[in-house]
Each structure stands twice: as C-alpha cells, then as structure tokens.
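Asker: Pasted the sequence and its predicted model underneath.
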Amino acid sequence: MTGFGRSEKSHQDKTLVWEIRTLNSKQLDLNCKLPSAYKEKEMDVRRICGASLVRGKSEVTLRVDGQVDSGVPRLNPQALLALHAQLKPVLDSLGIDPRHPELLATLLRQPEVFTNELSSLSPEDWAIAEAGLREALDQNDAFRLQEGNALEADLRARVAVVESCLEQLAPFEQERIASVRQRLEQSLIELAKTDIDQNRFQQELIFYIEKLDINEEKVRLANHCSFFLKTMEEQEAVGKKLGFIAQEMGREINTIGSKSNHTAMQKLVVVMKDELEKIKEQLSNVL
C-alpha cells in the first residue's frame, strides 16, 4: 500500500498543490494537513480519500502557493484610517497628540483593522481544489498498482514453491511406509525374541500408517493454494481474505510436518513454512 500522488491546479493568483503519501497499515489512518481557509472542507477531503485509499497510514497535504495563507490576517488600511479619523476630534479635545505611538498600538488591536479574506471558500475554489485532490489520488492509485503488480508476481512465485514442495512429497511417502514397517518389525523382534503374528502385525501396521497418512492434508493444501491464486484475481480489496487463506495453508503444512516422520519430507515442510511466512509478510502490503 505504499504510494505517492501529487497534483497542481492554478486558480486566479494561487496554485493548489496536493501531495498524498501512503504507507502500510491494517486500517485507514488518515492525516489531513489543510490551510485554514480549507479546513471547512476537511470532512469532504476525508470522505473522498477514504473511498480511494481504503487502508494504510496516509498523509494528505494541501499547500497554497502564490498567496498568503488565509490563517494570517491582512491589514485593512481603510478601517484603520476610519477609526483614527473618528478618534482625532476626541483626542484634540482632550489635548492628546493624535500621533502618539501608543495610539497606533491600540488601534491595531481592534478586530476591524485586520480581515481574513478567505474565511470561506467559494464553490469555484472548492471545485478546483477537489479536482486536484482526485488527480493526486489517481496518481497514488497508479503508483500502488505498479507496486501491486510486482507484489502479485512475488506471491505467485512463492505459492508455486509451496505447490512444488507438495508434489515432491509423493515419492517419499512409500519409502516412509517401508521404513516404518521395517523399524516396527525390528523393534518387535528385539522385544519378543520370537516370531510375531503377521496378521496382527499387519493390522497394527495399517492402523499406525493410517494415523500418519497425509493425503487429506495434501488435498486441502493444494485447494488452498488454488483458492489463494484465484482470490488474487478478484477486483475488490482481498488483503484480509488472502490472510485467512494463508492461515489455513499454515495449518495444513503444520499437520503434514507433524505426521511426516521422514527427514526428506521434513526438509520440504521447512521450505513450505519459510515461503508461507514470506507470503504473510507481503500480505501486509495488499489492500
């Protein structure tokens, strides 16, 4: 979900510059930095950004170039002169010098002397600002799409490794059964020092081998891998869904590992676990 978008929109004597930066996060954490004149539109900015960004730690900044920020009051010379003109006759009658420096300081503290010309936005101002915001969001989406394509290729490659290891388990399963049979026979002979009942031995061997059978786990894991790849092709946000599938893949891999009881099979299980952990790490970047 890492992304960046930027846009510039010129209007009258100013240029609106939007910048959007997004980082990985499970939820949408949106931080808006707007000039004072645009604060009234913060809820609209959050609504528009939320529909596009969905998830991630995001910073949305608007900078107004070429114009004094509306947060800085502007001097109104006409109001200052008007106040002074009204006070002058009173000051003259009291014998106070109208040019006294403290008088100017007093006049500058009057609210009428300063104005905030952009205390509210016109519909035209906001329309241009909104167009710039949407343009920056589109750039951010394009950036994330490019990163997503690389991420998709990586995830597919890692799932392919898991599927390959799953296929490589098959040759070792018969070898494992023969090994288990030989080991059990040798143990029984050493314990009893006599011939064993082959019928009973075969029954117990079948029961033991059935407990070690991993065919069901292999089928489920293969289905999970297929479902994972199919889910990646969906258009909506699937990050959480892929996370759930990865958890199910992990359960099957762990069960296969606990049942394997074979060195070569255990090595393949370790490879699958390693690839799955890398898949889970990458899923934090998926919407």
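Answerer: In hand now; what should we look at?
Asker: who touches the nearest residue to L91 once chain neighbours are set aside in this structure?
Answerer: Leaving aside its chain neighbours, L91 sits nearest to P98 (4.9 Å; criterion: C-beta to C-beta, 6 or more residues apart in numbering). Where C-beta positions appear, they are placed from N, C-alpha and C, glycine not excepted. Applying C-beta atoms under 8 Å, 6 or more residues apart in numbering, we find P98 in contact with H84, L87, K88, L91, D92.
Asker: Please give the number of neighbouring residues around the last one.
Answerer: Spelled out, that is D92. 11 (other C-beta atoms under 10 Å).
Asker: 19 is where my numbering starts, stick with that
Answerer: Sounds good: first residue 19 from here, last item D110.
Asker: List the buried residues of the host helix or strand of it.
Answerer: Per DSSP states H and E: D110 is located in helix 95-112. For helix 95-112, burial by neighbour count (16 or more other C-beta atoms under 10 Å) applies to A97, L98, L101.
Asker: Give the closest residue to the first one in space, chain neighbours not counted.
Answerer: Distances taken as C-beta to C-beta, 6+ apart put E130 closest to A97, at 4.6 Å, once the chain neighbours are dropped.
Asker: what about whichever helix in the chain runs longest, distance to the chain center?
Answerer: What stands out as the longest helix in the chain, according to DSSP state H, is helix 141-186. In terms of C-alpha atoms, centre = their mean, to the nearest Å, the centre of helix 141-186 is set 10 Å apart from its chain centre.
Asker: Repeat that for stretch 48-56.
Answerer: Offset of stretch 48-56 from its chain centre (C-alpha atoms, centre = their mean): 22 Å.
Asker: Put the alpha carbons of that stretch into CSV.
Answerer: The C-alpha trace of stretch 48-56 is given here as CSV (Å, rounded to 0.1, in the frame of the first residue of the first chain):
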residue,chain,number,x,y,z
LEU,A,48,-5.7,9.4,7.5
ASN,A,49,-3.9,12.6,8.5
CYS,A,50,-5.0,15.8,6.7
LYS,A,51,-3.0,18.9,6.6
LEU,A,52,-5.0,21.8,5.1
PRO,A,53,-4.6,25.6,5.1
SER,A,54,-7.0,27.4,7.4
ALA,A,55,-9.3,28.5,4.5
TYR,A,56,-9.9,24.9,3.5
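Asker: Flag every buried residue along that stretch.
Answerer: Going by 16+ other C-beta under 10 Å, stretch 48-56 has these buried residues: L48, C50, L52, P53, A55, Y56.
Asker: With stretch 187-200 instead?
Answerer: By 16+ other C-beta under 10 Å, the buried positions in stretch 187-200 come out as L187, F190, E191, R194, I195, V198.
Asker: Tell me if I am right that the fifth one is in a helix.
Answerer: To tie it back to what came earlier, the one meant is I195. Yes: assessed by DSSP: H, G, I helix; E, B strand; the rest coil, I195 belongs to a helix.
Asker: Assess the claim that R152 and C67 are in contact.
Answerer: No: here R152 lies out of contact with C67, judged by C-beta atoms under 8 Å, at a distance of 9.7 Å.
Asker: Of those two, give the one with the bigger neighbour count.
Answerer: More neighbours surround C67 than the other of R152 and C67, with 22 against 16 (other C-beta under 10 Å).
Asker: what sits against the more buried one?
Answerer: Applying C-beta under 8 Å, 6+ apart, we find C67 in contact with I38, L48, C50, S76, V78, L151, L155.
Asker: Put together a markdown table for those residues, with secondary structure on each row.
Answerer: Shown next, in a markdown table, are the contacts of C67 (three-state DSSP):
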| residue | secondary structure |
| --- | --- |
| I38 | strand |
| L48 | strand |
| C50 | strand |
| S76 | strand |
| V78 | strand |
| L151 | helix |
| L155 | helix |
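Asker: Leaving out sequence neighbours, find the closest residue to K44.
Answerer: Nearest to K44 is R73, by C-beta to C-beta, 6+ apart, at 6.9 Å.
Asker: Got the phi and psi for the one you found?
Answerer: The phi/psi pair for R73 (degrees, to the nearest 10) reads phi -140, psi 170.
Asker: Distance-wise, check P107 relative to P116.
Answerer: 9 Å (C-beta to C-beta, to the nearest Å).
Asker: oh, I was asking about L98
Answerer: Taken as C-beta to C-beta, the span from L98 to P116 is 13 Å.
Asker: From the structure, what's the count of residues near E153?
Answerer: Counted with other C-beta under 10 Å, residues neighbouring E153 total 16.
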